[in-house]
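Q: I'd like to go over a predicted model; first the sequence, then the structure.
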Amino acid sequence: MKKIAIIGAGPAGIESASILAKDNEVLLFEKSTAVLSNIIDKAYLFPDFSSASEIADKLNSKLINDNITLMLNKEVVDIVKNDSEWKVVDKDGKNYFVSAVLITTGYQIFDARRKEELGYGIYKGVVTSIDMERMIRYNQVVNSINETPKRVVFLQCVGSRDEKSGNRYCSKLCCVTAVKQAIEVRKLLPEAEIYIFYMDLRMWGQHFEELYRESQEKYDIRFVRGRISEASSTFDRKIQIKAEDTLLGVPMKMTADLLVLMVGMEASCGTKDLGVKCGIGGEYGFVKTATPHLCDNETTEQGLFVAGSCKRPMTINDVINDARSAACVISDYLK
């Protein structure tokens, strides 16, 4: 029985571990104190509004396997090729010798405080899409003074497709997440006005375009093509927005009870660090694969593999499928 190290206990790490553990011993490292941190803070998942907690529970159940050793609060600080094996080093200096390594260190959310002009962390009426997920999950969508908001505005592309933030790529998920959240807010607040400000809408997946249409036709979500340049607080703690309607070519002002910033995905700190140390660091801190088509789970280092959103922004179903692909590739390699 071969030994495999998987770095990161998100959906990619757990899914690949559950498959590889059928014939191998798997060491699953997670630097935080819990698994699936990027799922458990969600309420529902697009496009079918599945319960995020139910999906997390199903993934968690896959860890019940004698061949999987889950190590929480165990950060991996280095991965080194050691003859025909790999040496994995944790933060305490302990070494683990394995036949193959799979990096599934995932992503982190863009820190909206870097866009000071939008007021996150300054005005309580400005929240992120992650904050909104929590509000929806606990049915507590309120403004800065804990009142039911009458107007909610979503702003796309915060920290993505943005020269100033240094992230020129599209995060892929923000457009459909805004549509999903707007529908969820409408269900909770049937009387509220709901707007989505966008550069252009990118409905990447199956059923996403239909969800966009439904948001307008059934839920009366209003879409404004334009960027918000500035947000500030009013005397009554509303948020005043300065923007431009780029379809009409006119500047506009609007007040809102809540401004929701749709924050993009960035490479996690673990992804950036291990990518550099293993010589597979790519653009924007994501890891680089051998080739993007036929060898997308492999790297230029034999026995070192990658899966999930440590490579680029992905949906959860993309991540699960990529993890399954990586498990197949690793199994072939070990044979």
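A: Now that the structure is in, tell me what you want to look at. Numbers count the residues shown, from 1 in each chain.
Q: Quick one: residues contacting residue 85.
A: Neighbouring residues of residue 85 by CB atoms under 8 Å, 6 or more residues apart in numbering: 97-99. All C-beta atoms are positioned from the backbone trio N, CA, C, and that covers glycine.
Q: Off-centre distance for stretch 29-37?
A: Distance of stretch 29-37 from its chain centroid, counting by CA atoms, centre = their mean, to the nearest Å, is 15 Å.
Q: Counting neighbours, which bits of it end up buried?
A: 29-31, 35-37 (16 or more other CB atoms under 10 Å).
Q: Closest one of those residues to residue 51?
A: Comparing those against residue 51 with CB to CB places residue 36 closest, at 13.4 Å.
Q: Doesn't that closest one belong to a helix?
A: No - Residue 36: not assigned to a helix; according to DSSP: H, G, I helix; E, B strand; the rest coil it is coil.
Q: Let's see the distance spanning stretch 241-260 from one end to the other.
A: End-to-end distance of stretch 241-260: 12 Å, with CA to CA, to the nearest Å as the criterion.
Q: That stretch - what's its average pLDDT?
A: Mean per-residue pLDDT for stretch 241-260: 93.
Q: Of all the residues in it, which ones are buried?
A: 241, 243-244, 254, 256-260.
Q: how far out from the middle of the chain is stretch 6-22?
A: Its chain's C-alpha centre and that of stretch 6-22 lie 18 Å apart, by CA atoms, centre = their mean.
Q: no wait, stretch 247-256
A: Computed by CA atoms, centre = their mean, the chain-centroid distance of stretch 247-256 equals 30 Å.
Q: what does that stretch rub up against?
A: By CB under 8 Å, 6+ apart, the list of residues contacting stretch 247-256 reads 125, 149, 151-153, 195, 225-226, 234, 238-245.
Q: Now list the buried members of these.
A: 125, 149, 151-153, 195, 226, 238-241, 243-244.
Q: Give me the phi and psi angles of the most centrally placed residue in the chain.
A: Closest to where the C-alpha atoms of the chain average out (CA atoms, centre = their mean) is residue 265, at 5.3 Å. Main-chain dihedrals, residue 265, degrees, to the nearest 10: phi -100, psi 140.
Q: show me what contacts it?
A: 107-110, 160, 171-173, 309, 313 are the contacts of residue 265 under CB under 8 Å, 6+ apart.
Q: Could you list which of these belong to strands?
A: 107-109 (DSSP state E).
Q: Now do the helices in the stretch 151-300 of the chain.
A: Taking DSSP state H, counting those that start in this stretch, the helices of the stretch 151-300 of the chain run over residues 174-188, 208-217, 269-277.
Q: which parts of the top helix by length along the chain are buried?
A: Across the chain, the longest stretch assigned as helix under DSSP state H is helix 316-334. Using 16+ other CB under 10 Å as the test for burial, helix 316-334 gives 316, 318-324, 326-327, 329-331.
Q: any residues touching it, and which ones?
A: 2, 4, 10-16, 19-20, 23-24, 39, 45, 55, 99-100, 102, 104, 296-298, 303, 305-309, 311, 314.
Q: Could you rerun that using 7 Å?
A: Residues outside helix 316-334 that contact it (CB atoms under 7 Å, 6 or more residues apart in numbering) are 2, 4, 11-12, 15-16, 19-20, 24, 45, 99-100, 102, 104, 297-298, 303, 305, 307-309, 314.
Q: Could you tell me which of those residues belong to strands?
A: Of those, the ones assigned to strands by DSSP E are 2, 4, 24, 45, 100, 102, 305.
Q: How about the first one, nearest residue that isn't a chain neighbour?
A: By the measure of CB to CB, 6 or more residues apart in numbering, the closest residue to residue 2 outside its immediate chain neighbours is residue 99, 4.4 Å from it.
Q: quick one: contacts for that neighbour?
A: The contact partners of residue 99, taken as CB under 7 Å, 6+ apart, are 2-4, 85, 303, 334.
Q: and of these, the nearest to residue 179?
A: Using CB to CB, the shortest approach to residue 179 within the contacts of residue 99 belongs to residue 4, at 38.7 Å.
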